[in-house]
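Asker: fold the following for me, if possible:
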Amino acid sequence: MRIPIHAENGVVVDEATIDEVDGMVVSACRWRLNRRGHPVTEIRVDERKFSITMGRFVAGVAPGGPYVRHRNGDPLDNRRENLVLSKEWLGRTVAADSTLSELAVRAVGAMRSTATPGNVE
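Answerer: The predicted structure follows:
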């Protein structure tokens, strides 16, 4: 499934690839490219704003958690089979059960469970 990537002026500048199973939730968000070429969106939880990449969103990893790598090196290919969680994170190895901030985890959970057109930025 293809997801449009928008420029600031709203024009579609590219497309990302995801699995059909993720389509409804991912397509409810407005995606743009960050400086590194990764699709990102913004979410709000408890009046705080978080940016999250499409790869992290699809993998269910909160902002600030382990890196999500793309097996084929293409940040626009966010099919689950192409995403790998990396234990190398911020220059150190993290345990598989490392604890993320409660707020960041709630942000991803809220986004995935309640995303419908109009309530996710």
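Asker: ok, now which ones touch Gly37?
Answerer: 75-76 (CB atoms under 8 Å, 6 or more residues apart in numbering). Every residue, glycine included, has its C-beta placed from N, CA and C.
Asker: equivalent analysis for the one 4 residues further on, please.
Answerer: Taking CB under 8 Å, 6+ apart as the contact definition, Thr41 lies against 29-32, 51-52, 54, 57, 120-121.
Asker: would you mind checking those residues for buried ones?
Answerer: 29, 31-32, 52, 54, 57, 120 (16 or more other CB atoms under 10 Å).
Asker: tell me the one among the residues you listed nearest to His70.
Answerer: Comparing the buried ones among the contacts of Thr41 against His70 with CB to CB picks out Met54 as the nearest, at 10.3 Å.
Asker: if we can go back for a sec, tabulate the buried ones among the contacts of Thr41 (TSV), appending pLDDT, distance to Val40 and secondary structure.
Answerer: Formatted as TSV, the buried ones among the contacts of Thr41 follow (pLDDT from 0 to 100; distance: CB to CB, whole Å; DSSP: H, G, I helix; E, B strand; the rest coil):
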residue	pLDDT	distance to Val40	secondary structure
Cys29	92	10	coil
Trp31	97	7	strand
Arg32	96	6	strand
Ile52	91	7	strand
Met54	95	7	helix
Phe57	91	9	helix
Val120	30	13	coil
